[in-house]
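1. following is a predicted model, sequence given first.
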Amino acid sequence: MRRNRKRIFIALLLGITAVQTACAQQPGISNQQFLSQTKDAANATVLLNNEKGTVPLMELDKSNIAAVHFSYNYSTVFDSLANKYAKVTPFNGNNYLGKIASLGEDLKLYNTVIFELTESDINNPALVSLITSFQSIKKVVVAYYGAGRALSVLNGVTAPIIWTDKTTPVTAQYLPQVAFGGVATTQKLKSSFSSKYNIGAGFSTAKIRLQYTVPEDVGINSNNLANIDAVAMEAIANHAAPGCVVLVAKDGKVIFNKAYGTHTYDAGALPEKVTDIFDMASVTKVSATTPTAMALYEQGKLDLDGTMGQYLTIARATNKNDIKVRELLTHTAGLTPYIPFYEHVKPGEWSADSSAAYPTKVADGYYMIKDYYKNFMLPQMLNSALRTRGNYVYSDLSMYFMKEIEETITSTPLNIYAQQNFYTPLGMQTAGFLPRQRFTRNQIVPTEDDTYFRHTLLVGYVHDQGAGMVGGVSGHAGYFCSANDEAILFQMLLNKGTYGGVQYFKPETVEKFTTRQSQASRRDLGFDGWGPIAESHYPSHFANEGTYGHTGYTGTCVWVDPKVNLVYIFLSNRVNPKVTDKLLQLNIRPRIMDTIYEAIAKGM
């Protein structure tokens, strides 16, 4: 106990921050009060004018969403919560008072507009006129906070109206969840306000996406999760990682999401945020390559018993010809575990400047010669020796090859296929490859200060050397993501393939790929799985059989336990500034997962 107190004290001295933003209680109220107010919000919220089923908002991949507020005091809370579901651009309507036409002009490129309105806002005829003109050409949703008297002014509005008579920080979080389907709606008007909005009016909707709430909402006492803070602080105090983010989702509800520490150990380093983007390393295997394999299998385009030679002509004259797809996905093909490609780069095969001859960017100031992967790396993998097939040998080569197979079938680069078919439709704003093409450096957590290969601090360039040498997109590494977005992907899997009202996979496909394939290892198809060896307690002392997910070399993991409806995500940059095994030695990731199970068992 004294040792733990000392570690926590050291951590506090290091200036560790721990910021909870999982729709937690507001300052000054307890979680129980928050939960009580949330239930009140549910009973006081009515959805009107939803004949066309606009709410919950669908087709997020086709939506460009704006949120407009005027006198509403909690717009920042509303917008922050809405942005957990999709990119929502805020507009301060006060900048357009007396010139509503200019607001309409600035909103022209948004096909979905959410108006956050109060009674006084609705009594502005020019604003109501804008709403009625927009509703015939755009998706419009009105979030109305007030006593209800102004409903009579909205008789001409046919767009959905989400109304509550409670104007509080809690309802500010609740109404956007109604709009995006994080919570269901069931209430009807208990009074009549006009000939249109009369008693009994109201539409019911279903919950189709993650909800953001507090642990008490799923029967967990928040105090029983306090050890997560202690373990995270211990990791940082012992320089296992400069910072980390932890997310817990239970029963389709995000109940815990905190950021700890800083991006690096440097003085003045940016504080960690729950929205930060991390190099997910081998979590790429289950976030890009395996979902793509699942889709192609379901479409009948990928045969699990098909061979490499069947899909890749270049493999036919090699000892990889008859390796089956299922052997690649379960790491039982006997492949060499790892090839340090970067150690074999010769002068003249890279350049500090880009050109037609050196087009492949590995990092700032490092470009590979054209076709280096095709001419050197791929042949080296194809000609590598095989170990005993049928035995479990974890190998990155398997997912290099799976990427080749998938791209041959789809005729589409893996990063583009995954983005178009999974990340963007799901509303995952940060997920994907090559983050420096889409985000600023400050949004991305740095990994290693590479002094032996690329000679730079890696920020937004994949840590894995081989993945870097192919341009940042590989089947085994290169995927970046935030905790919330990763939770969306794995909640979809926990839902047996359905999320946001869309079926991405059939339940039987998810079941097949997340089930152990043999006694040779704990591996599922692509996914890592629950370890039955007592002393390993993998991935947690209390994980149930059927748990699936993956870890990442950079200090990340994602695990799903279907038996308790749990999604657990831990993100860190344990390789900064240099690779260290302290995260593993201290069992940080498993111990946090243990705490979650213990809290579930203790209940309220």
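-> Yep, that arrived. Everything quoted here is computed from the prediction, not taken from an experiment.
2. report how many residues lie close to the nearest residue to residue 198 once chain neighbours are set aside.
-> Sequence neighbours aside, residue 192 is the residue nearest to residue 198 in space, at 3.8 Å (criterion: C-beta to C-beta, 6 or more residues apart in numbering). (Glycine included, C-beta is placed from N, CA and C.) Residue 192 has 15 neighbouring residues, counting by other C-beta atoms under 10 Å.
3. look up phi and psi at residue 192.
-> phi -100, psi 140 (degrees, to the nearest 10).
4. look up how far residue 159 lies from it.
-> As judged by C-beta to C-beta, to the nearest Å, residue 192 and residue 159 stand 21 Å apart.
5. sec struct for the most centrally placed residue in the chain, please.
-> Centroid check for the chain by C-alpha atoms, centre = their mean gives residue 485 as the closest residue, at 1.5 Å. Look at residue 485: counting by DSSP: H, G, I helix; E, B strand; the rest coil, its state is helix.
6. swap in residue 287?
-> Secondary structure for residue 287, judged by three-state DSSP, is helix.
7. that one against residue 280, yeah?
-> Yes. Counting by C-beta atoms under 8 Å, residue 280 is a contact partner of residue 287 at 6.4 Å.
8. tell me which of these two has more neighbours.
-> residue 280 (32 against 26).
9. and the pLDDT at the more buried one?
-> pLDDT for residue 280: 98.
10. quick one: contacts for it?
-> By C-beta atoms under 8 Å, 6 or more residues apart in numbering, the residues touching residue 280 are 287, 479, 480, 481, 486, 552, 554, 556, 571.
11. doesn't residue 347 belong to a strand?
-> No. Using three-state DSSP, the assignment for residue 347 is coil, not a strand.
12. burial count for it?
-> Residue 347, neighbours per other C-beta under 10 Å, totals 5.
13. quick check: it vs residue 373, distance?
-> The value you get for residue 347 to residue 373, if C-beta to C-beta is used, is 19 Å.
14. please apply the same query to residue 454.
-> Taken as C-beta to C-beta, the span from residue 454 to residue 373 is 16 Å.
15. looking at those two, which is more packed in?
-> Using other C-beta under 10 Å as the criterion, residue 454 and residue 373 rank with residue 454 on top: 22 against 19.
16. A strand includes the more buried one, no?
-> No. Judged by three-state DSSP, residue 454 forms no part of a strand; its state is coil.
17. quick one, what contacts it?
-> Residue 454 sits in contact with 362, 363, 365, 366, 461, 468, where contact means C-beta under 8 Å, 6+ apart.
18. any low-confidence regions in the stretch 451-600 of the chain?
-> Within the stretch 451-600 of the chain, the segments meeting pLDDT under 70 span 534.
19. what ranges do the strands span in it?
-> Using DSSP state E, counting those that start in this stretch, the strands of the stretch 451-600 of the chain run over residues 456-457, 479-481, 498-499, 502-503, 528-529, 548-552, 556-561, 566-572.
20. give me the subset of the contacts of residue 454 that lies in helices.
-> Using DSSP state H, residue 468 are the members of these that sit in helices.
21. now the contacts of residue 454 in a markdown table, with distance to residue 39 and neighbour count?
-> A markdown table is the format used below for the contacts of residue 454 (distance: C-beta to C-beta, whole Å; neighbours: other C-beta atoms under 10 Å):
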| residue | distance to residue 39 | neighbour count |
| --- | --- | --- |
| 362 | 53 | 27 |
| 363 | 51 | 20 |
| 365 | 56 | 14 |
| 366 | 55 | 23 |
| 461 | 47 | 26 |
| 468 | 50 | 26 |
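22. endpoint to endpoint, stretch 357-374 covers what distance?
-> For stretch 357-374, the separation between the terminal residues is 14 Å (C-alpha to C-alpha, to the nearest Å).
23. chain center to that stretch: distance?
-> Centre-to-centre, stretch 357-374 and its host chain are 29 Å apart (C-alpha atoms, centre = their mean, to the nearest Å).
24. pLDDT of it, averaged?
-> The predicted confidence, averaged over stretch 357-374, sits at 97.
25. report the separation between residue 67 and residue 428.
-> Using C-beta to C-beta, one gets 19 Å for the distance from residue 67 to residue 428.
26. so where do the helices sit in the stretch 501-604 of the chain?
-> Taking DSSP state H, counting those that start in this stretch to define them, one finds helices in the stretch 501-604 of the chain at 507-513, 582-585, 588-602.
27. cool, the stretch 151-300 of the chain as well?
-> With DSSP H, counting those that start in this stretch as the criterion, the stretch 151-300 of the chain has helices spanning 169-180, 226-237, 284, 290-298.
28. number of nearby residues for the nearest residue to residue 205 once chain neighbours are set aside?
-> Spatial nearest neighbour of residue 205, chain neighbours left out: residue 185 (4.8 Å); criterion: C-beta to C-beta, 6+ apart. Neighbour count of residue 185, defined by other C-beta under 10 Å: 22.
29. quick one, what contacts residue 185?
-> 45, 46, 47, 55, 162, 178, 202, 203, 204, 205.
30. how many other residues sit next to residue 507?
-> Residue 507: 12 neighbours (other C-beta under 10 Å).
31. pretty sure it contacts residue 496?
-> Yes. Look at residue 507 against residue 496 with C-beta under 8 Å: they come within range, at 3.8 Å.
32. state the distance from the residue lying closest to residue 441 once chain neighbours are set aside to residue 434.
-> Closest residue to residue 441 apart from its sequence neighbours, by C-beta to C-beta, 6+ apart: residue 459 at 5.0 Å. Distance, residue 459 to residue 434, using C-beta to C-beta: 13 Å.
33. which non-adjacent residue is nearest residue 352?
-> Closest to residue 352 by C-beta to C-beta, 6+ apart is residue 365, at 5.0 Å.
34. separation between the residue of the chain positioned farthest from its centre and residue 152?
-> Of all residues in the chain, residue 195 has its C-alpha farthest from the mean position, at 44.6 Å, by C-alpha atoms, centre = their mean. Counting by C-beta to C-beta, the separation of residue 195 from residue 152 is 9 Å.
35. what about the helices in the stretch 351-500 of the chain?
-> According to DSSP H, counting those that start in this stretch, the helices that the stretch 351-500 of the chain contains are 372, 378-382, 397-410, 414-418, 424-426, 465-469, 483-494.
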